[in-house]
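K.L.:
next one to model:
(one chain, ligands or ions: 1)
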Amino acid sequence: MRDSMEMTARWAARSKKYFEEHKHEVPWAVAPGREHVGTAAIGYAGERQLASAAELRSAGQPGAAVPTYSGKTQTLFGIVQGGTDLALRRESAERTIEIGFPGYAIGGLSVGEPRELTREIVESTLEHLPKDRPRYLMGVGTPEEIVEYANLGIDMMDCVLPTRAARHGLLFTSEGKVSIKQARYAQDQGPLDPNCGCRVCHRYSRAYLRHLYASNEVLAQVLNTIHNLSFYLDTMRQVRHSISLGEEYRFLPGAGLDRNLEL
Ligand SMILES: [Zn+2]
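P.N.:
Sure, this is the predicted structure:
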């Protein structure tokens, strides 16, 4: 774990140096007056002209566009490692902060270790990370977990779970998990989640979603994914609302969401 942590520290220093030297060499250009739109606008029809072939090449590649930039750059985060060793986590945090980044990620967790251990390491590592910078927990998690970690002070998370589970017919709802492939939903004319405002829950029945899944229709994956992402976004909206009220958001009791999903 020490060797890996040391390697991460070396990577962090090299990445920071390279990033600072090259951060303005971006392969896209933001039109004057549209700087506030940010890079996320790329791909929206009408927001900007399509990138030319030269623009699409990475900086430094033969034929790459001459960089033009509006002053905005991407953001480089430092990643804290150290496995399950609290002292190594602390050292990794201190050394990453010493290099200096606009945000910090906690990596190497949620990879199969017991959930109590994940929480212990996150809590302990958070104590060493500045509160005035975004703190990002990588690879987490279930709806229940994202609420739990937001309560601890985590600002950002990322996970394949909502989309991967959706493709396997596993749906997160305010009433618990629904495995839409089950025969019990074959005649169920109710919405997937009566408390969800997404377009899938408004428009389609559980029976129809089950039919699509059983028929191996790709539309099943699309609709299931729309709902699961909506559910996650709703969950985070409620978390933000609670934070604005100064309260800790607690997930609905009995939702029955657990981590050991059989996919
Ligand atoms: Zn929905």
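K.L.:
grab the nearest non-local neighbour of the residue sitting furthest away from the middle of the chain.
P.N.:
The C-alpha centroid of the chain is most remote from Gln187, which lies 34.8 Å away (CA atoms, centre = their mean). Spatially, and ignoring its direct neighbours in sequence, Gln187 is nearest to Ala207 (5.8 Å; CB to CB, 6 or more residues apart in numbering). For the C-beta atoms, the positions are set from N, CA and C on the backbone; glycine is no exception.
K.L.:
tell me the confidence at that neighbour?
P.N.:
pLDDT for Ala207: 98.
K.L.:
what's the pLDDT at Val111?
P.N.:
At Val111, the pLDDT recorded in the model is 87.
K.L.:
scratch that, Leu257 is what I was asking about
P.N.:
Looking at Leu257, the pLDDT reads 46.
K.L.:
shouldn't the residue nearest to Gln187 be in contact with Ala186?
P.N.:
Yes - taking contacts as CB atoms under 8 Å, Ala207 lies within contact range of Ala186: 6.0 Å.
K.L.:
okay, these two: which has more neighbours?
P.N.:
Per other CB atoms under 10 Å, whichever of Ala207 and Ala186 has more neighbours is Ala207, with 15 against 11.
K.L.:
flag every buried residue along the strand or helix carrying that one.
P.N.:
Assigned by DSSP states H and E, Ala207 falls within helix 206-214. Going by neighbour count (16 or more other CB atoms under 10 Å), the buried part of helix 206-214 is 206, 208-213.
K.L.:
run through who's touching that helix.
P.N.:
169, 178, 180-182, 185-192, 200, 219-220, 223-224 (CB atoms under 8 Å, 6 or more residues apart in numbering).
K.L.:
where does the stretch 1-150 of the chain get nearest to the ion, residue-wise?
P.N.:
Residue nearest to the ion within the stretch 1-150 of the chain: Pro143 (12.7 Å; CB to the ion).
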